[in-house]
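Trainee: What shape does this take:
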Amino acid sequence: MKTYRDDAIVLRTHDIGEADRVITMLSRNHGKIRAVAKGVRKTGSRFGARVEPFSHIDVQIYRGKTLDTISQVDSIAQYGRTIGRNYDAYTAASALVELADYINDDDVPDTRLFVLLFGALHAVASNMHPPELVVYSFILRAMTIAGWGFSINECATCGTMGPHSALNIAAGGAVCDNCRPVGSATPSVETWQLLFALVVGDWAVADTSSSSARKATGAIVAAYAQWHLEKHMKSLRLLTVH
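Mentor: As a prediction, the model looks like this:
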């Protein structure tokens with residue numbers, strides 16, 4: 001097939017030439033896609049505003065030898081317009097698409113990750129929950145999808161059921177007293193409760209958590225993502241914890 005169609009979320013863009021732009025998208029059925037939007041930077045472009053970051057689009061793409069080309073775009077949800085008006089929402093959305101970009105390989109479909117990203121962007125754009133909590137929840141769930149699940153209720157080393165008080169990033173989360181490596185942290189009970197709430201989607205607990213628990217959780221989630229991805233997530237450092 002020389003052309004294919006899918007719905008996708010725009011992760012990032014970068015300019016090439018005088019008027020073109022490469023659009024990196026996470027699609028529902030084709031994984032991560034990079035395609036050229038020709039002439040998109042011209043004033044009279046047919047779909048320039050539709051392929052901005054955070055946009056949910058229905059896109060038709062023509063297969064090329066080296067790089068595909070976008071031939072048609074229909075807007076499904078222009079989250080960027082709403083998100084761009086609020087600093088906290090913008091930094092949260094930036095962290096969401098940054099992780100999705102890191103975690104998904106090109107041309108590898110992952111419907112679960114696509115649906116998770118769509119739900120997280122919708123939550124941020126709709127101000128359903130504190131944006132930093134949406135990001136932490138997304139990271140924990142996305143890492144699980146990628147095979148790096150964060151252990152909370154059982155020891156990450158031996159599997160003994162908890163609750164356990166100690167946490168070790170390298171081990172994979174909670175660790176029992178017998179497996180606890182030197183240098184393990186001991187988060188507060190509320191921090192453990194918040195981590196669990198974010199993994200299972202218990203927003204009644206998450207939304208009423210304290211600022212101290214959110215800051216501790218953010219540090220844990222950032223360290224865990226960095227350990228497995230082996231790179232810093234720049235957007236996480238800009239998140240405001242309320």
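Trainee: Specify the local secondary structure of the residue nearest to Ala222 when sequence neighbours are not counted.
Mentor: Take Ala222 and drop its neighbours on the chain: the residue closest to it by CB to CB, 6 or more residues apart in numbering is Leu236, 5.0 Å away. Just so you know, the C-beta spots here come from the backbone N, C-alpha and C atoms, and that holds for glycine as well. Here Leu236 is recorded as helix under DSSP: H, G, I helix; E, B strand; the rest coil.
Trainee: Now do the contacts for Leu236.
Mentor: Taking CB atoms under 8 Å, 6 or more residues apart in numbering, we find Leu236 in contact with Ala95, Val135, Gly218, Ala222, Ala225.
Trainee: what's the answer for Asp7, then?
Mentor: Here Asp7 is in contact with Ser27, Arg28, His56, Ile57, Asp58, Val59, Ile76 (CB under 8 Å, 6+ apart).
Trainee: Derive a ChimeraX selection command for the buried subset of these.
Mentor: Those of these that count as buried under 16 or more other CB atoms under 10 Å are selected in ChimeraX with:
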select :27,28,56,57,59,76
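Trainee: Out of the contacts of Asp7, the closest to Ile16 would be?
Mentor: Nearest to Ile16 among those: Val59, at 18.0 Å, using CB to CB.
Trainee: Next secondary structure after the helix or strand containing that closest one?
Mentor: Assigned by DSSP states H and E, Val59 belongs to strand 55-62. Downstream of strand 55-62, the first helix or strand assigned by DSSP H and E is strand 68-78.
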